[in-house]
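Novice: Just a sequence and a predicted model for now, questions to come.
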Amino acid sequence: MENWSQSIQQTIDIIDRCIRQQEDEALTLRALSAALGYSESYVSRKFRALSGMSLRDYLRFRHLAFALRDVRDTSDSLLEIAVRYGFSSHEAFTRAFRAAYGVTPSAYRLHPTAVVLHTILKPFDCYLLGIGGTGMATSTDHIKTYFITIPAHKFLHIRNYESIGYFDFWQKQSLIPGQDWATICGLLERIPGSLDDFGGDERNASSGQLMAYINEPTGRICSWGIPLAEAYGIRLPADYTGDVPAPLQLMDVPEGEYVVFEHGPFDYETENTQVETEIERAMKDFDYAAHGVKLDTAQGRVFYFYHDCTRFWKYVRPLKRVEGILYYFQIALHH
């Protein structure tokens, strides 16, 4: 199952690359099956089982998802966009767009509200595959610890008061109608202006989506000894006044001081567990008192968690001064 899930993830990456490069000849069941080394019938059956849709439907919806972004973010004509993503005419593109998103491309361009993308599959990512850290780790203690000031901003998110970690969070959310991984990630992806959007295509910190832990008296007592609600969302500018699509909620996060524990790029399949261990050890051993600070556990303060294997693993924890001066390293938080 692990090898197959990884193969599917590779296929999804190939599909996105081919759509960007307009290499539609490579986007056939035959070509993709050959690349995977499985029969066409096997690929078709397994893809449907994992994604809930046929490969043909996935390709159609994925073309539409790319087109939707161009409608929103470029001034290209709708006909140019239609042709770019394989539609035979403006009319055919409009029909498909409206069937998928409930609005025409021209109307969406005028008022780009949040829509649910139909092509965000079950998350074939490093969290949910359950394969991380099973091999020999090669990482060493390369944890950077530094202080930053994060300006006031907003956090658009959903939260869960009972979950324990990323996998459990989405398991519990999937039991709530309209709050599953696919729906929430699709809604968040359509919100412009994420402060952490690195332009990535993965639904993780590279595209601005991240886990967070919000200090809440009614939350679960976590391993840090703090009552927290787990959350997933995006950070937005403090002056954001756009859509807040249900079931998301928007909270104001005031300017504050934070300590960052950061590990650089790593290989998920062989190093994830070791990196997590090193990060946890660094957070446990950090001498807050020596710096005149302590964790700020006031209600509403937010801990952020950035996970992007190609860039970093990073915990960002809120601080409160105890005495003296909080010293800052002149290192900005990566976006």
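Specialist: Everything's here; your move. Numbers count the residues shown, from 1 in each chain.
Novice: Please count neighbours and contacts with C-alpha atoms only from this point.
Specialist: Fine.
Novice: Which is the succeeding secondary structure element to the helix or strand bottoming out on mean pLDDT in the chain?
Specialist: Ranked by mean pLDDT, DSSP states H and E, the helix or strand of the chain with the weakest confidence is helix 2-20, at a mean of 70. Moving toward the C-terminus from helix 2-20, the first helix or strand encountered (DSSP states H and E) is helix 29-36.
Novice: Just the mean pLDDT for that next one, thanks.
Specialist: Averaging pLDDT along helix 29-36 gives 84.
Novice: Not counting that helix itself, show me its contacts.
Specialist: For helix 29-36, the surrounding residues in contact (CA atoms under 8 Å, 6 or more residues apart in numbering) are Ser7, Thr11, Ala26, Ser39, Glu40, Val43, Ser44, Leu55.
Novice: now, which of those sits nearest Gly264?
Specialist: Comparing the contacts of helix 29-36 against Gly264 with CA to CA picks out Ser7 as the nearest, at 25.6 Å.
Novice: Show me the helices in the stretch 151-300 of the chain, by range?
Specialist: 165-173, 181-189, 268-285 (DSSP state H, counting those that start in this stretch).
Novice: which residues in the chain form strands?
Specialist: 143-150, 153-160, 210-221, 227-237, 249-253, 256-263, 293-295, 302-308, 312-321 (DSSP state E).
Novice: out of those strands, deepest packed?
Specialist: Of all the strands of the chain, strand 227-237 has the most neighbours on average by mean count of other CA atoms under 10 Å, namely a mean of 24.
Novice: and the end-to-end length of stretch 227-247?
Specialist: 23 Å (CA to CA, to the nearest Å).
Novice: tell me the mean pLDDT for it?
Specialist: Throughout stretch 227-247, pLDDT has a mean value of 93.
Novice: same thing with stretch 91-102?
Specialist: pLDDT averaged over stretch 91-102 gives 90.
Novice: Dump that stretch to CSV, restricted to CA.
Specialist: Below are the C-alpha coordinates for stretch 91-102, written out as CSV (Å, rounded to 0.1, in the frame of the first residue of the first chain):
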residue,chain,number,x,y,z
GLU,A,91,-18.5,27.9,-24.6
ALA,A,92,-17.2,24.4,-23.7
PHE,A,93,-14.9,26.0,-21.1
THR,A,94,-17.8,28.0,-19.6
ARG,A,95,-20.1,24.9,-19.4
ALA,A,96,-17.4,22.8,-17.7
PHE,A,97,-16.4,25.7,-15.3
ARG,A,98,-20.0,26.3,-14.3
ALA,A,99,-20.7,22.6,-13.8
ALA,A,100,-17.6,22.3,-11.5
TYR,A,101,-17.8,25.5,-9.5
GLY,A,102,-21.4,26.8,-9.8
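Novice: So, low pLDDT: which residues of the stretch 51-200 of the chain?
Specialist: 51-52, 113-141, 197-200 (pLDDT under 70).
Novice: same check, this time on the stretch 201-335 of the chain
Specialist: 201-207, 323-335.
Novice: can you rerun that using 90?
Specialist: 201-209, 216-227, 243, 264-277, 280, 284, 289-292, 297-299, 306-313, 321-335 (pLDDT under 90).
Novice: what's the burial count for Lys284?
Specialist: Per other CA atoms under 10 Å, the neighbour tally for Lys284 reads 11.
Novice: any idea how far it is from Ile221?
Specialist: In terms of CA to CA, Lys284 sits 16 Å off from Ile221.
Novice: Ser77 is nearest to which of the helices of the stretch 151-300 of the chain?
Specialist: Across the helices of the stretch 151-300 of the chain, closest to Ser77 is helix 181-189 (CA to CA), at 22.5 Å.
Novice: relative to strand 227-237, how tilted is the closest one?
Specialist: Taking axes from the mean of the first three to the mean of the last three CA atoms, to 10 degrees, helix 181-189 and strand 227-237 form an angle of 40 degrees between their directions.
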